[in-house]
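In: can't give you the sequence, but here's the structure:
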């Protein structure tokens with residue numbers, strides 16, 4: 001349950017099962033839960049500057065242009081680049097010969113893209129890109145193999161080519177699942193860069 005307000009604008013302290021988290025909200029939008037109070041305040045500031053402009057009342061941690069809206073039409077990031085809203089940085093990765101390689105986090109899209117290009121030149125070419133498949137709503141989709149019917153997973157445009165290099169199916173829990181090397185992972189784990197087996 002939520003407790004007392006934080007000393008920062010747009011932040012509320014939440015205590016649940018003995019764990020403390022800080023919730024950031026701005027203009028009616030939930031910006032996530034954070035372990036550190038200052039991180040929540042920073043998330044509030046970045047969104048406030050995006051939503052209200054330079055006149056926004058902030059905590060002094062924000063940076064204009066750092067908040068990236070996660071709307072479908074604004075997800076046109078280069079292949080191998082994702083935005084990490086928690087760290088407010090861009091993550092880069094490449095897949096070489098079926099193996100995913102994390103390249104780290106970067107402040108700008110350009111730096112992340114350069115890391116991807118450099119990794120491809122060093123480790124060799126990745127599979128040739130094909131056109132992203134969309135449903136009738138303009139959302140990128142991945143076909144999931146099932147015994148008796150066809151399912152689709154909705155994914156980010158920037159992840160589509162990487163995900164298509166693997167075979168995915170629906171597991172007993174209803175999640176998209178595949179293999180990453182010798183490990184079995186859910187699609188969510190793979191996108192987040194986790195190699196934990198499940």
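Out: Thanks, I have the structure now. These numbers were taken from a predicted model, which means no experiment stands behind them.
In: drop to CA atoms for contacts and neighbour counts, all remaining ones
Out: Noted.
In: okay, now the domains of this structure?
Out: With domains defined by automatic domain parsing, the chain comprises 2-52, 72-123, 140-192.
In: Mean pLDDT lowest where, among these?
Out: For the domains of the chain, mean pLDDT drops lowest on domain 72-123, to a mean of 73.
In: what about that domain, distance to the chain center?
Out: 11 Å (CA atoms, centre = their mean, to the nearest Å).
In: the strands in this protein, which residues?
Out: In the chain, the strands defined using DSSP state E lie at 2-5, 11-16, 19-26, 29-34, 81-84, 89-96, 99-106, 140-144, 151-155, 169-170, 176-180, 183-186.
In: State the distance from residue 56 to residue 30.
Out: Between residue 56 and residue 30 the computed distance is 17 Å (CA to CA, to the nearest Å).
In: can you check residue 11 too?
Out: The value you get for residue 11 to residue 30, if CA to CA is used, is 10 Å.
In: Please say which of those two ends up with more neighbours.
Out: residue 11 (26 against 12; other CA atoms under 10 Å).
In: Redo the domains of the chain as JSON lines? Include distance to residue 66.
Out: JSON lines is the format used below for the domains of the chain (distance: least, CA to CA, whole Å):
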{"stretch": "domain 2-52", "distance to residue 66": "6"}
{"stretch": "domain 72-123", "distance to residue 66": "7"}
{"stretch": "domain 140-192", "distance to residue 66": "19"}
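In: I'd like to know which of those lies nearest to residue 64.
Out: Proximity to residue 64 (CA to CA) singles out domain 2-52 among those, at 5.9 Å.
In: what about that closest one, distance to the chain center?
Out: Put simply, domain 2-52 sits 19 Å off its chain's centre (CA atoms, centre = their mean).
In: And for stretch 156-163?
Out: For stretch 156-163, the distance to the chain centre is 11 Å (CA atoms, centre = their mean).
In: what do residue 11 and residue 30 both touch?
Out: 23-24 (CA atoms under 8 Å, 6 or more residues apart in numbering).
In: residues near residue 7, how many?
Out: 13.
In: any idea how far residue 118 is from it?
Out: Applying CA to CA to residue 7 and residue 118 gives a distance of 44 Å.
In: same question, residue 80
Out: 12 Å.
In: what's the burial count for residue 172?
Out: 8.
In: can you pull the contacts of it?
Out: With contact set as CA under 8 Å, 6+ apart, residue 172 has no partners.
In: What does it show for phi and psi?
Out: For residue 172, the backbone dihedrals (degrees, to the nearest 10) come out as phi -60, psi -20.
In: and residue 22, what does it touch?
Out: Taking CA under 8 Å, 6+ apart, we find residue 22 in contact with 11-14, 33-37, 40.
In: Can you go through those and name the buried ones?
Out: 11-14, 33-34, 37, 40 (16 or more other CA atoms under 10 Å).
In: Mind putting those residues into a markdown table with distance to residue 167?
Out: Shown next, in a markdown table, are the buried ones among the contacts of residue 22 (distance: CA to CA, whole Å):
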| residue | distance to residue 167 |
| --- | --- |
| 11 | 41 |
| 12 | 42 |
| 13 | 42 |
| 14 | 40 |
| 33 | 33 |
| 34 | 34 |
| 37 | 40 |
| 40 | 37 |
